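Colleague: I would like the atomic coordinates for the input below:
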Amino acid sequence: KSKEAEIKRINKELANIRSKFKGDKALDGYSKKKYVCKLLFIFLLGHDIDFGHMEAVNLLSSNRYTEKQIGYLFISVLVNSNSELIRLINNAIKNDLASRNPTFMGLALHCIANVGSREMAEAFAGEIPKILVAGDTMDSVKQSAALCLLRLYRTSPDLVPMGDWTSRVVHLLNDQHLGVVTAATSLITTLAQKNPEEFKTSVSLAVSRLSRIVTSASTDLQDYTYYFVPAPWLSVKLLRLLQCYPPPDPAVRGRLTECLETILNKAQEPPKSKKVQHSNAKNAVLFEAISLIIHHDSEPNLLVRACNQLGQFLQHRETNLRYLALESMCTLASSEFSHEAVKTHIETVINALKTERDVSVRQRAVDLLYAMCDRSNAQQIVAEMLNYLETADYSIREEIVLKVAILAEKYAVDYTWYVDTILNLIRIAGDYVSEEVWYRVIQIVINRDDVQGYAAKTVFEALQAPACHENLVKVGGYILGEFGNLIAGDPRSSPLIQFNLLHSKFHLCSVPTRALLLSTYIKFVNLFPEIKTTIQDVLRSDSQLKNADVELQQRAVEYLRLSTIASTDILATVLEEMPPFPERESSILAKLKKKKGPGTVTDLEEIKKERSSDMNGSAEPASVNASAVSTPSPSADLLGLGAAPLTNSAPPPASSGSLLVDVFSDSASAVAPLAPGSDDNFARFVCKNNGVLFENQLLQIGLKSEFRQNLGRMFIFYGNKTSTQFLNFTPTVILSVCSLTKPVDPTVDGGAQVQQVVNIECVSDFMEAPILNIQFRYGGTFQNLSVKLPITLNKFFQPTEMSSQDFFQRWKQLSNPKQEVQNIFKAKHPMDAEITKAKIIGFGSALLEEVDPNPANFVGAGIIHTKTTQIGCLLRLEPNLQAQMYRLTLRTSKEAVSQRLCELLSEQF
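Modeller: Alright, predicted model coming up:
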């Protein structure tokens, strides 16, 4: 009737039950059961129960099922692990487990699993495996024991001992009772994720059982057939178990391939029922089979078939199926075998982006377009993403902006298209364009001379719109301040018009943007002396000199003073054009990875794409380097030289061959054979510092390094591309050249990445690069591989600017035949002047303009820094376009250095 009436009635009942329990007359089993059941019901209504526990424990010793059941139910719900009664409860459970009565054993096992506490695990974790593998245990008890052990392992894995029972529990996969097989599969899958070696024999048994299920008719497994699909949940569990291991040996693999082909074939058959349960069960097995095909990534035929099957689901009327198909195709797009097959569905995915009602499906479509993008379709995909961005759901706009920015940069062959794309991005979704995006476009424009004039013209035109987003004003202000002179010759974009255009936006902007515009104005004073007085009047106005914001006030005062007292030469020096930015991983990519989380599909896509091609075909700093993990801030001092100097705490080198030593080295191990393709990857790093050094189906190794004078620091990123752990993971630098600062965690989880740092000091000139040896266990198999670390002599170059006279004077001084090395060789790559310049700069030397009488030749100068000495180096590269040949001449004060540098640089062209 009311809450008060209910409480009054319950209190009356509690008083009655308490008097019955405390009364002189002993209660029979039925009465105890009745009152304990009432207490349980009152507790479930939300009222506290502080008595009756002892009576419930007494019910456990009853020989009647109903009484024992209520006792166990009460304990599972109301008794906590700290209860004083826990010992009595454990004794009762032990008695029931030892009774060999299957009903009582089932109740006891259910109670252990329901409580699932650490105390329960300590008491029974050693006992339950024995029940599970005992020959005389009934099937129903085996099921309960397997699931109970699984529960204890999940809560307290350290208390479940591995032992002889593990080899015997695997054979439950052959049990005649499918309920036992289902429970055992769940247990083995969880155990195998942490102990793959112990359960590797389960692979062949799981394949055998799966084969029997998928080839059976629905009438063969009558009790386990769900809407004409034989044992769907067991099939799913077996397929998940197989994803804990790499592809099996050829004999088992053949049978597994047959199973997967059968599942794919059945998906093409007309449905045997129109009910949704039939399609759900059938598709559950299909999607898990596709996950296994993707996991193995070794059967091109199956991968393409899976892709085609998923392509059919892209237009299915069921929303969940479309979502799952898009999600699975994202992973398929990262496989070299199925990438082209995924690309055939681009029009369907674009249509889904435009017509889908569900925002989560549209988001997966964006992910898939990003994953399938390559140089052949980049412009189409970026254009479609920009179109969608105008109407995209607000929750996913920032992610789309990041992806468009990354793709536009990564696949920009024509950088005018890149500039147009980013400005469009700011126009369409300016609020979602983070600082990383507009910073990056400025870095690229500054680093590429060929796009600076176009960028200045384009931002000038964009700023003429009545309403401009503030991010566009920032980009416009920065680019016009640096390169406005490139368009000042046109009367439509004269210096005064540029200034007035920017200043018309000034009052609408936030303080940081106003500060940037003031910097642009002082740059204009240097670029356009004719408008100096106009700019000084603005700086002198009260709104600037007396601004409430101290930053704006300080800039106005200092810039005004600078423009008044500094000579033209001083102004030109102080306000000179920004130098090119150093090559770094794109901060946009790092932001996207942080947003998506570690070990995601995005990481895998970036790894695959980095392997297939260098960004934009050159070593330009504009490229995005696809590391497997987020890297430190671009402004971080990688060497730590800004703080305390590095000290060499390692023992002195053992032999004269140890010319490079790690600052914190301590050990080395045996040499292993170099992995296939290691030399090719090594050569790619001679002129660049970041990227993917090595990749196979299991492991991806990314590098990010920085060198300064004779010191260097290299970050090595190890990415586990599988869903299975790497055990005993041990990377070692060998050949006594350098070693690692500290060991990594010996366990690398599936999909995870770990980082290791190498500190390097160049003691003297050296010829051989160090070798990185990596050993680990994957799925029970010992893996051992070695790759060359790209630590080469040219990494310790410091570029040196020289005049033509100084260069040739020094060139004549190095005229000893032993100091010069010359190589004439055939061009291996297209002879592009811009790429050649970038490679010479990436090699480490300064590129000297207008030094050589022949403008087609390239001349460079630099100094190799070692701990003990400095070695001057001059180089001259003469291309012959008609013959498609180069002549490379190097002169240094040491013959061995000349020879080594000539070998390294010749390989780049």
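
Colleague: tally of neighbours for the residue nearest to I841 when sequence neighbours are not counted?
Modeller: In space, and not counting its chain neighbours, I841 is closest to L847: 5.4 Å by Cβ to Cβ, 6 or more residues apart in numbering. Every residue, glycine included, has its C-beta placed from N, CA and C. Using other Cβ atoms under 10 Å, L847 is surrounded by 19 other residues.

Colleague: L847 contacts K837, correct?
Modeller: Yes. With contacts counted by Cβ atoms under 8 Å, L847 reaches K837, the gap being 5.8 Å.

Colleague: so what sits against both of those two?
Modeller: Common neighbours of L847 and K837 are listed as F858 (criterion: Cβ atoms under 8 Å, 6 or more residues apart in numbering).

Colleague: Does I824 have any beta-bridge partners, and if so which?
Modeller: R887 (DSSP bridges).

Colleague: R887 versus that one, what's the distance?
Modeller: Per Cβ to Cβ, to the nearest Å, I824 is found 5 Å from R887.

Colleague: same thing with Y153?
Modeller: In terms of Cβ to Cβ, Y153 sits 69 Å off from R887.

Colleague: what about these two, which has more around it?
Modeller: Neighbour count, other Cβ under 10 Å: between Y153 and R887, Y153 has more, with 18 against 14.

Colleague: pLDDT score for that one?
Modeller: Listed pLDDT for Y153 reads 90.

Colleague: what's in contact with stretch 371-391?
Modeller: 329-330, 333-334, 339, 342-343, 346, 349-350, 353-354, 362, 366, 369-370, 397, 400-401, 403-404, 407-408, 410-411, 413, 417, 421, 424-425, 428-429, 601, 605, 609, 612-613.

Colleague: show me where pLDDT drops low in this protein?
Modeller: 1, 24, 80-83, 217-220, 222, 583-672, 677, 735-743, 780 (pLDDT under 70).

Colleague: The same query, at a cut-off of 50, please.
Modeller: For the chain, the stretches with pLDDT under 50 are 598-670, 736-740.

Colleague: What segments of the stretch 801-909 of the chain are helices?
Modeller: Per DSSP state H, counting those that start in this stretch, the stretch 801-909 of the chain carries helices over the ranges 804-813, 833-843, 895-906.

Colleague: so which of those comes closest to A752?
Modeller: Nearest to A752, of all those, is helix 833-843, at 31.4 Å by Cβ to Cβ.

Colleague: Next, the buried residues of the closest one.
Modeller: Burial within helix 833-843, assessed by neighbour count using 16 or more other Cβ atoms under 10 Å, is assigned to 835-843.

Colleague: With stretch 694-713 instead?
Modeller: 694-695, 698-707, 709-713.

Colleague: For ChimeraX, write a command that selects the buried ones of the contacts of stretch 371-391.
Modeller: In ChimeraX, a selection of the buried entries from these looks like this (16+ other Cβ under 10 Å):
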select :329,330,333,334,339,342,343,346,349,350,353,362,366,369,370,397,400,401,403,404,407,408,410,411,417,421,424,425,428,429,601,605,609
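
Colleague: Now, the contacts of stretch 371-391 that are in helices?
Modeller: 329-330, 339, 342-343, 346, 349-350, 353-354, 362, 366, 369-370, 397, 400-401, 403-404, 407-408, 410, 417, 421, 424-425, 428-429, 601, 605, 609, 612 (DSSP state H).

Colleague: pull the CA atoms of stretch 678-693 into CSV?
Modeller: Extracted in CSV, the C-alpha atoms of stretch 678-693 (Å, rounded to 0.1, in the frame of the first residue of the first chain):
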residue,chain,number,x,y,z
SER,A,678,67.3,-5.7,-44.4
ASP,A,679,69.9,-4.1,-46.7
ASP,A,680,67.2,-2.4,-48.8
ASN,A,681,65.5,-0.9,-45.8
PHE,A,682,68.9,0.1,-44.4
ALA,A,683,69.8,2.0,-47.6
ARG,A,684,66.5,4.0,-47.3
PHE,A,685,67.6,5.4,-43.9
VAL,A,686,71.0,6.8,-45.1
CYS,A,687,69.2,10.1,-46.0
LYS,A,688,66.4,10.1,-43.4
ASN,A,689,66.0,9.4,-39.7
ASN,A,690,62.4,8.3,-39.2
GLY,A,691,60.3,5.5,-40.6
VAL,A,692,59.7,1.8,-40.6
LEU,A,693,63.0,-0.2,-40.6
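
Colleague: So V686 sits against E903, correct?
Modeller: No. If you go by Cβ under 8 Å, V686 and E903 don't touch, sitting 9.9 Å apart.

Colleague: Have a look at these two and say which one is more surrounded.
Modeller: V686 (22 against 16).

Colleague: check contacts around the more buried one.
Modeller: V686 neighbours (Cβ under 8 Å, 6+ apart): 790, 792, 794, 843, 904-905, 907-908.

Colleague: swap the cut-off to 10 Å and go again
Modeller: By Cβ atoms under 10 Å, 6 or more residues apart in numbering, V686 lies in contact with 619, 769, 790, 792-795, 839, 842-844, 903-905, 907-908.

Colleague: In a helix, it, correct?
Modeller: No. Assessed with DSSP: H, G, I helix; E, B strand; the rest coil, V686 is coil; it does not lie in a helix.

Colleague: Which stretches in the stretch 101-250 of the chain count as strands?
Modeller: 225-226, 229-230 (DSSP state E, counting those that start in this stretch).

Colleague: Please apply the same query to the stretch 701-850 of the chain.
Modeller: Counting by DSSP E, counting those that start in this stretch, the segments of the stretch 701-850 of the chain that form strands are 711-720, 726-734, 753-762, 771-778, 781-788, 797-799, 820-826, 846-847.

Colleague: out of these, which comes closest to H171?
Modeller: Across the strands of the stretch 701-850 of the chain, closest to H171 is strand 781-788 (Cβ to Cβ), at 22.4 Å.

Colleague: for the closest one, packing partners?
Modeller: Applying 3 or more Cβ pairs under 10 Å, 6 or more residues apart in numbering; DSSP states H and E, one finds that strand 781-788 makes contact with helix 678-684, strand 690-695, strand 699-708, strand 726-734, strand 771-778.

Colleague: want to throw those into TSV with distance to S144?
Modeller: Listed next are these as TSV, based on distance: least, Cβ to Cβ, whole Å:
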stretch	distance to S144
helix 678-684	53
strand 690-695	46
strand 699-708	41
strand 726-734	32
strand 771-778	34
